[in-house]
Each structure stands twice: as structure tokens, then as C-alpha cells.
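Trainee: build me a model from this:
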Amino acid sequence: MAEERQKVERLRERNRRLKRRVGGSGRGGRSPGVGGVRFGDFGRLEPISREFGLDRGRPIDRYYIEGFLARNSGDIRGRVLEIKDSAFTRKYGGYRVTQSDVLDIDETNRRATIVADLSRAEDVPADAFDCIVCTQTLHFIYEIGAAFRTLGRILKPGGVLLATFPGIGQTGCAALEEHYCWALSTLATRRLCEEAFSGADVEIEAHGNVLAAVAFLEGLAVRELGEEELDHHDPDYELLITLRAVKPEIGA
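Mentor: Sure thing, here's the model as predicted:
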């Protein structure tokens, strides 16, 4: 009975979304005239959630992060470094990972095998890792260029950096003790990466659209949007930036 009630509620929510789009308010339809916009549940000064949607389900940015890592899971192999914990290394690397390391600036983190500040990690050896998974991390570091250079230095020749960065969204959350220094764009990400990874093979993508961005700003969860709404790409609304950078082989 509980499962049936959940199905009914999902259908009702889907119907509510469809009704809200009637009259040209949906994607590709005619824009309402001045004064014709109805804000509905968004007509408020406080967001629906200040916790990035964590209290409502799976956060919208996590949808893009996990999709990016799943598509590049073959790169997560050999000796892998991840920041704060090894959850993504375990989930997407599996048997391909021969050694898993965790880096954190916080020495009380028992999961950390390396305690260091990415902006000045001289003690971390160069050319050490086949893959570095660095999701939603570098925007907390004021000296972000120095952190990029560290990642380039400690990655093995031929190794891969898989990183993600926030674009449109909250710039922090006091309740979660998150305070951003930066929010990036594809242009800024490319400049930072090319300065740190000279000659690297770089792939940078933006994910999101106006609907996904508004939903994320309000703190909605993935289950409150459909796949078509999440997967639609609009280059003017960069909700999340993903980076895949391959360090050049020696002599390349």
C-alpha cells in the first residue's frame, strides 16, 4: 500500500508539472507577456531548502556529478586519490583500483591517508597517482591556481584528473558549514587548467538549463524533475562544470 501511495503521489506531481506548463510556459513555448508570469511556489523570499536539496532527496548537482563519473569510470584505475573520502573511488573504480588514497586538510579525518593543503602540498610526491577524483572541492580554496598546479604535479604522466565545480547555485550553506570562495564557468576552468596542465588533453563541459538552475537554487531534489528536464543543455546556464584532464606523457 505504501508503494502504491508513492506511485500515486508521483503521478500527481507529474500532472501538476504538466499543468503548470500549459499555455506556453514550457520549454520551446511562447513566453508569457510582461505581468503574465505566475511564480507559484517560487514566489517567496526564502528558498524551499537551504541544504542544496539534501533534505528532500538527491541534490540536482549530484545528478550531473555522478553521471560524469559514470561516463569516465574507466579512468578510475591504478593508484587513485580522492578528497575527504573514497566513496566515488569505490563506486566507480571497483576492481580497477590497486591503491586508494584520501587527501584532506583536516588531520582529524580518520579516512585520510594524506593530510595536506592542496594549495601548498610540497610533501606529496610528484607523479604519484594514475587518477585524481576531485569533486566540488577546489572552489573552497582561495589560492585555486596553486591547487590546480599541485594536482598537475602529483598526477602521473598519462594520468587523469576528474574534477567538478559549481556554476550557478548557492555560494555556501551556514548550516552545513560550507563557504565558497569561487563559482566557476567553463571559460575560467579552461584557463586555470591550461595554466597548470601545459599540453594536457582537456575536456570541459557545462551541465544544466534555466529550469534545473532555478530548481537547484530553490533546493529541490532530482526526483522533482524529469530526465528530459535535467538532461536538456543550455550553454547560457552553467549549473555544474566538469573537467577531464589527461597529463601529457613524458616527451610528448
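Trainee: what strand or helix carries the closest residue to Val115 other than its chain neighbours?
Mentor: Take Val115 and drop its neighbours on the chain: the residue closest to it by CB to CB, 6 or more residues apart in numbering is Glu107, 4.7 Å away. (C-beta placed from N, C-alpha, C; glycine too.) Using DSSP states H and E, Glu107 sits within no helix or strand.
Trainee: what is the burial count for Glu107?
Mentor: Neighbour count for Glu107, taken as other CB atoms under 10 Å: 9.
Trainee: my guess is it contacts Ile114. True?
Mentor: No - proximity of Glu107 to Ile114 does not meet the contact threshold set by CB atoms under 8 Å, at 10.5 Å.
Trainee: and the gap between the residue nearest to Val115 and Ala116?
Mentor: Look at Glu107 and Ala116: by CB to CB, to the nearest Å, they are 10 Å apart.
Trainee: need the next SSE after whichever strand or helix holds Cys193, C-terminal direction.
Mentor: In this structure, Cys193 is located in helix 186-196 according to DSSP H and E. For helix 186-196, the following helix or strand on the C-terminal side (DSSP H and E) is strand 201-207.
Trainee: and the contacts of the helix or strand just after that following strand?
Mentor: Taking DSSP H and E as the definition, the helix or strand that follows strand 201-207 towards the C-terminus is helix 210-218. Counting by CB atoms under 8 Å, 6 or more residues apart in numbering, helix 210-218 makes contact with 27, 42, 47-49, 52-53, 59-61, 168-170, 208, 224-225, 229-230, 232, 234, 236-237, 239, all of which sit outside it.
Trainee: show me those residues that map onto helices.
Mentor: Where the contacts of helix 210-218 overlap with helices, as defined by DSSP state H, the overlap consists of Ile60, Asp61, Glu229, Leu230.
Trainee: and the gap between the residue nearest to the second one when sequence neighbours are not counted and Asp127?
Mentor: What sits nearest to Asp61 in space, not counting adjacent residues and going by CB to CB, 6+ apart, is Leu240, at 5.1 Å. From Leu240 over to Asp127 the distance is 29 Å, taken as CB to CB.
Trainee: okay, the two: which has more neighbours?
Mentor: Set side by side, Leu240 and Asp127 show more neighbours around Leu240, with 28 against 13, by other CB under 10 Å.
Trainee: which residue is the nearest non-sequential neighbour of Glu205?
Mentor: For Glu205, ignoring the flanking residues on the chain, the nearest one in space by CB to CB, 6+ apart is Thr242 at 5.0 Å.
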